[in-house]
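Engineer: missing the sequence, but the structure's below:
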Ligand SMILES: NC(=O)C1=CN([C@@H]2O[C@H](COP(=O)(O)OP(=O)(O)OC[C@H]3O[C@@H](n4cnc5c(N)ncnc54)[C@H](OP(=O)(O)O)[C@@H]3O)[C@@H](O)[C@H]2O)C=CC1
Ligand SMILES: O=C(O)C1=N[C@H](C(=O)O)C[C@H](O)C1
């Protein structure tokens, strides 16, 4: 039985992660870490009336009082790194879907995981279709180096570009010769019109109510285009990936950044 703490249980992803822990017979939710409601029980909230576990606002105290194997963190960019550091101090393995990590954060956290010989997973996207979209895009970039990424999300999202878009750009950059795209004398008449730059590729972020999580990777060549697109239509789409990450993190002794590294 794997003992889980979910951080961010009242959030859109946290809610689904709590449901996952209830549904899966080899997972047991021992507590949650919330931004508020310290000392209350999760069952005090109508949407969780059958989930009787304690709520903590201090992660450190939660891990001191509870036996925990895995932290599932689905909070905000401001807290993801701090939560991982606290988990490592307590020998707890983090599975993190929270986005907004810098390259420096990833390398600092990898060092910590290796010092403690603890598994950790940061997955910018848990949806299998999104992982395939990234892998297919990486392959396509080998042959079609002109590429732009368009990601679309709901308007409550805090970070831009999305973690998925950054990860996609990073994977593509491993295959593609560095290249500046567009006309050499191109002028942005309005700042940001050409999107964010990632080694000469452009990332465009759309934020609209009604959207969930969508990304299209557009490739252009002489007389042809290729479009690789993925849509998450609800947040249950991410949960098989969360379960896979929980199972895998128990076997790791380092940090893995991206679920594509755990799928053949
Ligand atoms: N990897 C993946 O596949 C996916 C990743 N994400 C990422 O997951 C994260 C959460 O997304 P989403 O659920 O949509 O966001 P929400 O805003 O719906 O949920 C975030 C939750 O975290 C809570 N929270 C904030 N600070 C803390 C804290 N210090 N301790 C505990 N809880 C805290 C918030 O509480 P309060 O409202 O009180 O501040 C809120 O309930 C984001 O970073 C997002 O980008 C999202 C979808 C898929
Ligand atoms: O905030 C979201 O909703 C999502 N965040 C992740 C990201 O930044 O890529 C994953 C997915 O796109 C949904």
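Structural biologist: Sure, I can see it. Keep in mind the model is a prediction, meaning the values are calculated, not measured. Ligands and ions are numbered 1, 2, ... in the order given.
Engineer: Which of the three states applies to the residue lying farthest from the centre of the chain?
Structural biologist: Among residues of the chain, the one most distant from the C-alpha centroid is residue 185; the distance is 36.4 Å, by CA atoms, centre = their mean. On the three-state scheme (DSSP: H, G, I helix; E, B strand; the rest coil), residue 185 is labelled coil.
Engineer: Now do the contacts for it.
Structural biologist: If a contact means CB atoms under 8 Å, 6 or more residues apart in numbering, then residue 185 has no contacts. C-beta coordinates here come from the backbone N, C-alpha and C atoms, glycine included.
Engineer: so what's the backbone phi/psi at it?
Structural biologist: Listed backbone geometry of residue 185 is phi -100, psi 20, with angles given as degrees, to the nearest 10.
Engineer: now do residue 236
Structural biologist: In terms of degrees, to the nearest 10, the main-chain angles of residue 236 are phi -70, psi -20.
Engineer: The one 3 residues further on now?
Structural biologist: Main-chain torsions, residue 239, degrees, to the nearest 10: phi -70, psi -40.
Engineer: let's have the chain start at 715 instead
Structural biologist: Let's use 715 as the start, then, which means that last one is residue 953.
Engineer: Next, work out how far apart it and residue 923 are.
Structural biologist: The span separating residue 953 from residue 923 equals 23 Å under the rule CB to CB, to the nearest Å.
Engineer: Now do residue 725 against residue 842, distance only.
Structural biologist: Distance, residue 725 to residue 842, using CB to CB: 22 Å.
Engineer: Neighbours of the residue in the chain that ligand 1 sits nearest to, how many?
Structural biologist: Closest residue of the chain to ligand 1, CB to the nearest ligand atom: residue 725 (2.0 Å). Using other CB atoms under 10 Å as the criterion, residue 725 is surrounded by 19 other residues.
Engineer: same check, this time on residue 978
Structural biologist: Residue 978 has 3 neighbours, counted by other CB under 10 Å.
Engineer: which residue packs closest to the residue in the stretch 715-864 of the chain that ligand 2 sits nearest to, ignoring adjacent ones?
Structural biologist: Of the residues in the stretch 715-864 of the chain, the one nearest ligand 2 is residue 813, at a distance of 3.7 Å by CB to the nearest ligand atom. In space, and not counting its chain neighbours, residue 813 is closest to residue 877: 3.1 Å by CB to CB, 6 or more residues apart in numbering.
Engineer: For the stretch 715-864 of the chain, what lies in contact range of ligand 2?
Structural biologist: Within the stretch 715-864 of the chain, the positions near ligand 2 by CB under 6 Å from any ligand atom are 813, 838-839.
Engineer: Redo those residues as a markdown table? Include neighbour count and distance to residue 793.
Structural biologist: As requested, these are exported to a markdown table (neighbours: other CB atoms under 10 Å; distance: CB to CB, whole Å):
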| residue | neighbour count | distance to residue 793 |
| --- | --- | --- |
| 813 | 24 | 12 |
| 838 | 25 | 16 |
| 839 | 28 | 19 |
